[in-house]
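*Asks:* Structural data only, the sequence is not supplied:
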Ligand SMILES: O=c1ccn([C@@H]2O[C@H](COP(=O)(O)OP(=O)(O)O[C@H]3O[C@H](CO)[C@@H](O)[C@H](O)[C@H]3O)[C@@H](O)[C@H]2O)c(=O)[nH]1
Ligand SMILES: O=C(O)[C@H](O)COP(=O)(O)O
């Protein structure tokens, strides 16, 4: 896809940071598309050698949906590798995913979504060819089913150098029971630390360059991963956009299981944010020390 078809609804609101720490420059609402920190096409990219995309799917007990998710992911243009990281599932996820055409690696015990993402990126790096641009990394959830193909619009902005990371904006999900507490907490924290207010700060469907991924590691633990990644990337001057994607996933309802899940998300988001607040303060104090020393 190309990026001039209006798919990037949040482009003008996107931070185009200058890498000088918290509050790094937010682009004015000019209507113009932003420009990624790292110019594209990358080294090793040319017409005969176009940049490829790896889809990475962290999956815990997704046997019911992983086959359709994998098949749909394989149909996304430029994708030549679909990797499922089975995060210690107790069901048949790994076998179902392999039968559907994915490369599968497995954690022998459950380590959480962020760890599965790091494992996935490491495996893709081992498969990236020498002398070729590293693959773009497209992270998607295992429960998207057929709708996973609709993450395709995330690739264009990153491939074409409009953004370093493109994040999916999902339509309202049937049966979703959240009250916006975790989402609001994550959004306010990102806004406070970077100046950007994302619409869906927890959205895990994200396409990014290898360079941006490395800049965001080590990832925040568990469910804090998206919030931590967005803060780290924007603080380092990388450019994010939110792109509407017509996705369906298993939304958490309002039952006990859903509440426990949200409580865990809340804890992980707070841990990710507090670690980054602390880092911001330490960096600021170090900066003051350096200023004094140079006078
Ligand atoms: O220990 C775990 C738990 C989950 N998953 C996988 O992570 C993905 C997301 O999990 P899900 O149960 O669908 O969580 P949701 O609450 O629906 O996730 C929303 O919120 C999360 C942040 O809290 C984001 O990571 C997701 O992308 C976003 O869809 C799925 O593929 C899971 O199989 C793991 O790999 N390991
Ligand atoms: O259902 C959701 O969107 C997430 O679990 C976050 O919950 P929240 O609605 O309480 O922010």
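*Replies:* Right, received. Where do you want to start? Owing to the predicted nature of the structure, the values given are computational and were not obtained by experimental measurement. Ligands and ions are numbered 1, 2, ... in the order given.

*Asks:* Can you name the residue of the chain nearest ligand 1?
*Replies:* residue 204 (2.0 Å; CB to the nearest ligand atom). C-beta coordinates here come from the backbone N, C-alpha and C atoms, glycine included.

*Asks:* Is the residue in the stretch 1-150 of the chain that ligand 2 sits nearest to inside a helix or a strand, and which specific one?
*Replies:* Ligand 2 sits closest to residue 141 of the stretch 1-150 of the chain, with a gap of 12.4 Å, by CB to the nearest ligand atom. Under the criterion DSSP states H and E, no helix or strand holds residue 141.

*Asks:* Surely it and residue 251 touch.
*Replies:* No. With contact defined as CB atoms under 8 Å, residue 141 does not count as touching residue 251 (11.2 Å).

*Asks:* What's opposite the residue nearest the centre of the chain in the beta bridge?
*Replies:* The residue lying closest to the centre of the chain (CA atoms, centre = their mean) is residue 206, at 3.5 Å. Beta bridges link residue 206 to residue 139, residue 167, judged by DSSP bridges.

*Asks:* I'd like to check which residues are in contact with it.
*Replies:* Residues near residue 206 by CB atoms under 8 Å, 6 or more residues apart in numbering: 138-139, 154, 165-168, 226, 229.

*Asks:* can you rerun that using 10 Å?
*Replies:* The contact partners of residue 206, taken as CB atoms under 10 Å, 6 or more residues apart in numbering, are 56, 117, 137-140, 151, 154, 158, 165-168, 212-213, 225-226, 229-230, 233, 240, 243.

*Asks:* show me the contacts for the residue in the chain that ligand 2 sits nearest to.
*Replies:* Residue nearest to ligand 2 within the chain: residue 178 (2.0 Å; CB to the nearest ligand atom). Listed by CB under 10 Å, 6+ apart, the contact set of residue 178 reads 184, 202, 251-254, 258-259, 261-262, 265.

*Asks:* out of the residues you listed, which is most surrounded?
*Replies:* Counting neighbours by other CB atoms under 10 Å, residue 265 comes out on top of those with 23 neighbours.

*Asks:* Can you give me the distance of that residue to residue 220?
*Replies:* 12 Å (CB to CB, to the nearest Å).

*Asks:* Can you pull the residues of the stretch 51-200 of the chain lying near ligand 1?
*Replies:* Within reach of ligand 1 by CB under 6 Å from any ligand atom, the stretch 51-200 of the chain has these residues: 58-60, 62, 87, 110, 112-113, 116, 141-143.

*Asks:* And the strand ranked longest in the chain, what's buried?
*Replies:* In the chain, assigned by DSSP state E, the strand with the most residues is strand 79-87. Residues 79, 81-87 are the ones in strand 79-87 that count as buried (16 or more other CB atoms under 10 Å).
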